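Student: structure for this input, please:
(chains A and B)
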Number of protein chains: 2
Amino acid sequence: MKTGNSGVGKTDLQEISEIIKKADTLALYPHVNMDGDTLGSCMALCLALKAMGKKVDVIIDDAIPDNLKFLDDGSCTEDLKKGEGVDIACCLDCADRERLGKRGTLFPSAGITVSIDHHMVANPFCDYNYTDTEAAATGEIVYKLLEIMDFPGSKEAGNALFTAITTDTGNFQYSNTRGETHRIMAKLYDWGIEPDRVSVLIYDSNRPERLMLESLSLSRMELLLGGKVAISYVSQKMLEQAGAEMYESERIVNELRSIAGVEVSCLVKENSIRECKVSMRSKNDFDISLLASKFHGGGHKKAAGFTLNKSLDQAMLTVKNALLESEIGKKEDA
Amino acid sequence: MKTGNSGVGKTDLQEISEIIKKADTLALYPHVNMDGDTLGSCMALCLALKAMGKKVDVIIDDAIPDNLKFLDDGSCTEDLKKGEGVDIACCLDCADRERLGKRGTLFPSAGITVSIDHHMVANPFCDYNYTDTEAAATGEIVYKLLEIMDFPGSKEAGNALFTAITTDTGNFQYSNTRGETHRIMAKLYDWGIEPDRVSVLIYDSNRPERLMLESLSLSRMELLLGGKVAISYVSQKMLEQAGAEMYESERIVNELRSIAGVEVSCLVKENSIRECKVSMRSKNDFDISLLASKFHGGGHKKAAGFTLNKSLDQAMLTVKNALLESEIGKKEDA
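Tutor: Below you'll find the model as predicted:
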């Protein structure tokens, strides 16, 4: 490990910019289970560095989600050979070594390793680790890096950064959004970005099967504790009926939370006859991660989840009882 | 009519700022069928002017939609007497005299009338008419007016402007959004705005009946013309089954458009046994307003609608045939 620096500040980003300037070949790494921020950040940096004449590949671990495929200009590859012997390997939005997946042994083989992230990095594993937890998205940090590197901007790199920022901020609604987020967005308009076209690609690319699954699950919604809890489920039978995949259930728990008066929403997903995954959301004050931790799950205050080794019926009962016994249930009794 | 000016530019807004400064009593007018931009703009201006010591009422024509009630600090009133004899009557986001509704005779009774809007005003009807069609929302113009008036900003006025801007730009996704929109948003953060809390109020205040109605309608979705058209309906029976009101069907046509490959979505709403309202959306190039105009309807390229004096079954057939015979149907044949 050449340098073990970690911190927030322009000095570090300046340092990273100088290292990158000297490199000829780079491999960029998004985290596993790619989202808009990790892939948008990688692609923006990739496009900018290619415009500077460098050889850049984005080494991916899994298939690009359908609605993000428009980001790939052909630089994304699952061919690990392309990451061998590069000057710099840089992971973006990938706070944890585990989030490299099967690329974990390839990554450190580069001359220099770099991490750029907006998550708290518990165990820095790169030669250069830059973290800014104030940034709403890793895309914000990439914007600043490119500004330092005097990148003049381009429509495609800008669209990738817009994707990173808009998806990680829930379209500028989440509490991580800040004035600086909008200041960066304003500058991206000078790059010629197309937020309307890109938003259609990101959000209006649902399979009809997803809508059918949502319809089936919403029709089974139950309101508990005087309307403070909304709960539903997705069974294997419902997936079959809709022709949908389980990942297409992801919006349902947010839909359930969108009901007036609902403080906690919950979706129980039947993975198999003896395993269910439970997703929960909270709207205001209730800390849902406390409930998830009782079942050895994880997450944060407003979004958490856990797994139960139970049948769907048993899992629904367990979750309902847990909610009844939680603070949200106690408040109801009062 | 004292002055018949109409145009874009700081001079006009400066002029309006000076007129308002001299006034002691003001009545502000949102348009009928209030939305986030008209009410957010009125309330932001109202709160700022009250902070400057003026007497201000917001004269409304109809009930405030549930999800926008948080904007009202008690200034909103349906009591037309409060608008009588004021120094200034100012309508916001209300390009057309007809959009004053039953307040149409009260409005011109003020000493001076002012219009502030981002829509093209075909027939200016106020003493002072300020229009900036580049602005994504009337809220943007109100921000600029308050800046000219040296308003120091406040959390509540900022939240109202955030509401105006985020609702009229589809959370910064529509093509009316521009760099300037984000520059204004960045400044509103300095006012202490709470976009996360406000977004929950705006968007997460659905009745469960709305979700049930969506579920019922989505389960009846049909894909036509090789998946380029998605169509569904809402019958009176479905409203009864869900316990929902017709206005709660408004998101369904957007949901239908969100399907990959769908270019045009369509929702047929049964108002009575002999009247149906048809809402249509288009995703990319197809100009849906041309189709609507054939049925004496209105709208613009990507959102249009019309009314048919037919039963639900007949209306569905008419719409399907019209789509088949339209450009989108012809492209399918090619």
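Student: and residue A:272, how many neighbours?
Tutor: Neighbourhood size, residue A:272 [other C-beta atoms under 10 Å in any protein chain shown]: 10. C-beta coordinates here come from the backbone N, C-alpha and C atoms, glycine included.
Student: got the phi/psi numbers for it?
Tutor: Main-chain dihedrals, residue A:272, degrees, to the nearest 10: phi -160, psi -180.
Student: against chain B, how distant is it?
Tutor: To chain B, residue A:272 is 26 Å away according to C-beta to the nearest C-beta, to the nearest Å.
Student: and the pLDDT for the closest residue to that residue other than its chain neighbours?
Tutor: In this structure, residue A:272 finds its nearest non-sequential neighbour in residue A:236, 7.7 Å apart by C-beta to C-beta, 6 or more residues apart in numbering or on different chains. In this model, residue A:236 is scored at 98, pLDDT.
Student: and residue A:236, how many residues sit next to it?
Tutor: Using other C-beta under 10 Å, residue A:236 has 14 neighbouring residues.
Student: what do you get for residue A:87?
Tutor: If you count neighbours by other C-beta under 10 Å, residue A:87 ends up with 17.
Student: now do residue A:317
Tutor: 12.
Student: roughly how far does it sit from chain B?
Tutor: Distance, residue A:317 to chain B, using C-beta to the nearest C-beta: 22 Å.
Student: ok, and the closest non-adjacent residue to the residue in the stretch 1-150 of chain A that chain B sits nearest to?
Tutor: Residue nearest to chain B within the stretch 1-150 of chain A (C-beta to the nearest C-beta): residue A:66, separated by 7.2 Å. Setting aside the residues directly before and after it, residue A:66 is nearest to residue A:205 in space (C-beta to C-beta, 6+ apart), at 5.8 Å.
Student: just checking, residue A:280 is part of a helix?
Tutor: No. Using DSSP: H, G, I helix; E, B strand; the rest coil, the assignment for residue A:280 is strand, not a helix.
Student: what sits against it?
Tutor: A:253, A:264-267, A:288, A:291-292, A:299, A:303-305 (C-beta atoms under 8 Å, 6 or more residues apart in numbering or on different chains).
Student: which residues in the stretch 151-300 of chain A form strands?
Tutor: With strands called from DSSP state E, counting those that start in this stretch, the stretch 151-300 of chain A shows them at A:222-224, A:229-234, A:264-272, A:275-282, A:298-300.
Student: can you point out the buried residues in the first one?
Tutor: By that I understand strand A:222-224. Neighbour-count burial for strand A:222-224, counted by 16 or more other C-beta atoms under 10 Å in any protein chain shown, picks out residue A:224.
Student: could you do the third one as well?
Tutor: Buried residues in strand A:264-272, defined by neighbour count with 16+ other C-beta under 10 Å: A:264-270.
Student: which residues of the stretch 101-250 of chain A lie near chain B?
Tutor: Remark: the part of the stretch 101-250 of chain A in contact with chain B comprises A:166, A:170-175, A:177-180, A:182-183, A:185-190, A:195-196, A:199-200, A:203-208, A:211-212, A:214-216, A:218-219, A:221, A:223, A:227, A:230, using C-beta under 8 Å from any C-beta of the partner chain.
Student: 7 Å instead, please
Tutor: A:171-175, A:177-179, A:182-183, A:185-186, A:189-190, A:195-196, A:199-200, A:203-208, A:211-212, A:214-215, A:218-219, A:221, A:223 (C-beta under 7 Å from any C-beta of the partner chain).
Student: now a ChimeraX select for only the buried ones of these.
Tutor: Here is the ChimeraX command that picks out the buried ones among those, judged by 16+ other C-beta under 10 Å:
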select /A:171,172,173,177,178,179,182,183,185,186,189,195,196,199,200,203,204,205,206,207,208,211,212,214,215,218,219,221
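Student: in helices only, show me the residues of the stretch 101-250 of chain A next to chain B.
Tutor: Assigned to helices by DSSP state H, the following of these qualify: A:179, A:182-183, A:185-186, A:189, A:195-196, A:199-200, A:203, A:208, A:211-212, A:214-215, A:218.
Student: can you list the low-confidence ranges for the stretch 1-150 of chain A?
Tutor: Low-confidence segments of the stretch 1-150 of chain A, defined by pLDDT under 70: A:1-11.
Student: where exactly do the strands run in it?
Tutor: Assigned by DSSP E, counting those that start in this stretch, the stretch 1-150 of chain A shows strands spanning A:5-7, A:25-29, A:55-59, A:76-77, A:88-92, A:112-117, A:128-131.
Student: could you give the separation of the second one from the chain centroid?
Tutor: Averaging C-alpha coordinates over strand A:25-29 and over its chain gives two centres that are 20 Å apart (C-alpha atoms, centre = their mean, to the nearest Å).
Student: again, but for the last one
Tutor: Using C-alpha atoms, centre = their mean, the mean C-alpha position of strand A:128-131 is found 19 Å from that of the whole chain.
Student: what about residue A:298, distance to residue A:61?
Tutor: 21 Å (C-beta to C-beta, to the nearest Å).
Student: please say which of those two ends up with more neighbours.
Tutor: Neighbour count, other C-beta under 10 Å: between residue A:298 and residue A:61, residue A:61 has more, with 18 against 10.
Student: how about the residue nearest to the spatial centre of chain A, nearest residue that isn't a chain neighbour?
Tutor: By C-alpha atoms, centre = their mean, the mean C-alpha position of chain A lies nearest to residue A:35, the distance being 4.4 Å. Counting by C-beta to C-beta, 6+ apart, residue A:35 lies nearest to residue A:167, which is 6.4 Å off, once chain neighbours are set aside.
Student: ok and the helix ranked longest in chain A relative to helix A:195-203, angle-wise?
Tutor: The helix that spans the most residues within chain A, counting by DSSP H, is helix A:36-51. Calculated by axes from the mean of the first three to the mean of the last three C-alpha atoms, to 10 degrees, helix A:36-51 forms an angle of 120 degrees with helix A:195-203.
Student: for helix A:36-51, packing partners?
Tutor: Contact here means 3 or more C-beta pairs under 7 Å, 6 or more residues apart in numbering or on different chains; DSSP states H and E; on that basis helix A:36-51 packs against strand A:25-29, strand A:55-59, strand A:88-92, helix A:138-148, helix A:155-168.
Student: please, which helix or strand holds residue A:321?
Tutor: Using DSSP states H and E, residue A:321 sits in helix A:312-325.
Student: chain center to that helix: distance?
Tutor: For helix A:312-325, the distance to the chain centre is 28 Å (C-alpha atoms, centre = their mean).
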